[in-house]
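>>> what follows is a predicted structure for the sequence shown.
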Amino acid sequence: MFSIDELLIHEAVHSLEDTVRLLPFLFITYLIMEALEHGMAGKLERGIAHAGAAGSIVGALAGAIPQCGFSAMAATLYAGRVVTIGTLIAVFLSTSDEMIPVFVAQGESLGTMATIVGVKIVVAIIAGLSIDALLRALGHAGDGSLHIHELCERAHCHCDEEEHTHSGHSHDHHDSHRAMLWSIVRAALAHTLQVAAFILVITFVMGLVIEGVGTDVIASLAHGHPVRAVFVAALVGLIPNCAASVVICQLYLAGSLGAGALLAGLLAGGGVGLAVLFRTNRSLRENLAITILMYVIAVVAGIVATVIGFAP
C-alpha cells in the first residue's frame with residue numbers, strides 16, 4: 001500500500017507520462033486545424049460532405065490502435081466540426097487504451113486480443129454509421145461548415161486577431177507566408193498547452209479516484225451478478241483515464257469480470273477523449289448526450305455478449 005505522499009507522487013508521475021504521450025497527437029491535430037482555418041476550410045467542408053461511411057470506418061480502425069491519443073484527436077476535430085459525431089463515437093468505442101499492453105504482459109493469446117478488438121471495431125462502425133444516418137434522416141447532421149474559430153474563442157488565444165495583424169502589416173509575399181506559418185504554429189502550441197494542462201489535472205484527479213475506490217470495491221460490486229457487472233464496468237470505463245482500462249482488464253484476468261462486462265468497459269473507455277471533448281466542445285448538453293450514448297451502447301453490447309455467452 002502507498003502512503004498518501006507516495007500515492008500523490010505516483011499518480012503525478014503517471015499523469016505527467018500520460019499527458020506527455022498525448023502532446024504530439026494534440027499538436028499535430030491543432031496544426032491541421034489551424035492550417036484548415038487559414039485557407040483550406042472550403043475544400044475540407046466539401047470533403048466531409050462526401051465522406052459518407054468512410055469517416056466512421058476510418059475512425060473505428062484508427063481508434064483500435066493501442067494509443068489513446070486518437071480519441072483526444074477525434075474529440076478536438078469534432079469540436080471544430082471537422083469530423084461527424086458518428087466518427088467521434090466510432091473512435092471512442094474502438095479505443096482500447098491499455099488493453100493490449102496489459103494482455104500481452106499477462107501472456108494472453110493473440111487470438112483473444114484480436115477477437116476483442118475485432119468486436120469493438122464492428123460495434124464502433126455499426127454505431128457510427130447508424131448515428132450519422134439517423135441524424136441525417138432527422139435533419140440534425142449539422143450545418144456542414146467548420147467551427148474551428150470557436151475553439152479560439154473558447155480558449156481565448158486571440159488566433160483571429162493575430163491572423164488579421166499579420167495580414168495587415170506583411171507587404172512582402174515571403175514575409176507574409178512566414179508570418180502565416182508562425183501564426184499557425186503559435187496558435188497550435190497555445191491550444192496544445194492549454195488542453196494538455198487540463199488533461200494533466202483531470203488524469204491526476206481521476207487516478208486518485210480509481211486508487212481511492214480500489215479494484216476490490218469494483219470487484220465486489222460486480223461479483224456474482226453478470227448483468228450488474230456490465231453496468232459497473234461500463235461506468236468505470238467512462239472515467240477519462242488510461243488506468244480505467246487497466247483496472248477492467250486486470251479484473252477480467254483475475255476472473256472478477258466476465259467477457260460481457262470486459263467488452264462493456266472497454267467500449268465505454270475512450271481514454272482521455274471525453275475529457276478533451278468537455279474541454280473543447282462548447283455545448284455541455286451535447287457532451288453529456290455523447291457520454292450517455294457511449295454508456296448505453298457499451299451496456300447494450302455487454303448485455304448481448306453476456307446473454308449469448310461471448311467468450312473471446
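Noted; the coordinates are in hand.

>>> excluding its backbone neighbours, what's nearest Thr215?
Using CB to CB, 6 or more residues apart in numbering and skipping the chain neighbours, the partner closest in space to Thr215 is Val247 (5.5 Å). Any C-beta I mention is one placed from the backbone N, CA and C, and that applies to glycine too.

>>> which helix or strand contains that neighbour?
Per DSSP states H and E, Val247 falls inside helix 242-253.

>>> C-terminal to that helix, what's the next element?
By DSSP H and E, the next helix or strand past helix 242-253 is helix 259-268.

>>> now the element after that following helix, going C-ward?
Going down the chain from helix 259-268, the next helix or strand is helix 273-280, by DSSP H and E.

>>> for that next one, which helices and strands make contact with it?
Helix 273-280 sits against helix 69-79, helix 85-94, helix 173-222, helix 284-307, with contacts defined as 3 or more CB pairs under 8 Å, 6 or more residues apart in numbering; DSSP states H and E.

>>> quick one: mean pLDDT over stretch 295-309.
What stretch 295-309 shows for mean pLDDT is 96.

>>> what does stretch 86-100 give?
88.

>>> my guess is Leu26 meets Thr192, correct?
Yes. Leu26 is within contact range of Thr192, at 4.5 Å (criterion: CB atoms under 8 Å).

>>> more crowded one of these two?
Neighbour count, other CB atoms under 10 Å: between Leu26 and Thr192, Leu26 has more, with 24 against 21.

>>> and that one, what is it in contact with?
Gly69, Ala72, Met73, Thr76, His191, Thr192, Val195, Ala196 (CB atoms under 8 Å, 6 or more residues apart in numbering).

>>> nearest residue to the last one in space, please, no chain neighbours.
Think Ala196. Using CB to CB, 6+ apart and skipping the chain neighbours, the partner closest in space to Ala196 is Thr19 (5.5 Å).

>>> how close does that neighbour get to Leu26?
9 Å (CB to CB, to the nearest Å).

>>> joint contacts of the two?
With CB under 8 Å, 6+ apart as the test, Thr19 and Leu26 both reach Ala196.

>>> before we move on, the earlier item: what helix or strand is the residue nearest to Ala196 on?
Per DSSP H and E: helix 4-35 holds Thr19.

>>> that helix to helix 69-79, inter-axis angle?
50 degrees (axes from the mean of the first three to the mean of the last three CA atoms, to 10 degrees).

>>> buried ones in helix 4-35?
Using 16 or more other CB atoms under 10 Å as the test for burial, helix 4-35 gives 11, 14-15, 18-19, 22, 25-27, 29-35.

>>> which elements pack onto the helix holding Val247?
Counting by 3+ CB pairs under 8 Å, 6+ apart, the packing neighbours recorded for helix 242-253 are helix 99-105, helix 173-222, helix 226-237, helix 259-268.

>>> which other helices and strands contact the first one?
Contacts defined by 3+ CB pairs under 8 Å, 6+ apart place helix 99-105 against helix 110-138, helix 242-253.

>>> how far off centre is it?
Put simply, helix 99-105 sits 19 Å off its chain's centre (CA atoms, centre = their mean, to the nearest Å).

>>> about what we covered before: lowest average pLDDT across the helices and strands packed on helix 242-253?
helix 173-222 has the lowest average pLDDT among the helices and strands packed on helix 242-253, namely a mean of 78.

>>> now do it against helix 69-79, angle only.
Going by the same axes, to 10 degrees, helix 173-222 is angled at 120 degrees with respect to helix 69-79.

>>> helix 173-222 packs against which elements?
Contacts defined by 3+ CB pairs under 8 Å, 6+ apart place helix 173-222 against helix 4-35, helix 69-79, helix 148-155, helix 159-169, helix 226-237, helix 242-253, helix 273-280.

>>> hmm, who's touching the second one?
In other words, helix 69-79. Residues outside helix 69-79 that contact it (CB under 8 Å, 6+ apart): 21-22, 24-26, 28-30, 33, 59, 62-63, 83-85, 87-88, 91-92, 95, 147, 150-151, 195, 199, 270-274, 276-277, 280-282.

>>> which pLDDT does the model give the nearest residue to Val104 once chain neighbours are set aside?
Using CB to CB, 6+ apart and skipping the chain neighbours, the partner closest in space to Val104 is Met113 (7.7 Å). At Met113, the model reports a pLDDT of 91.
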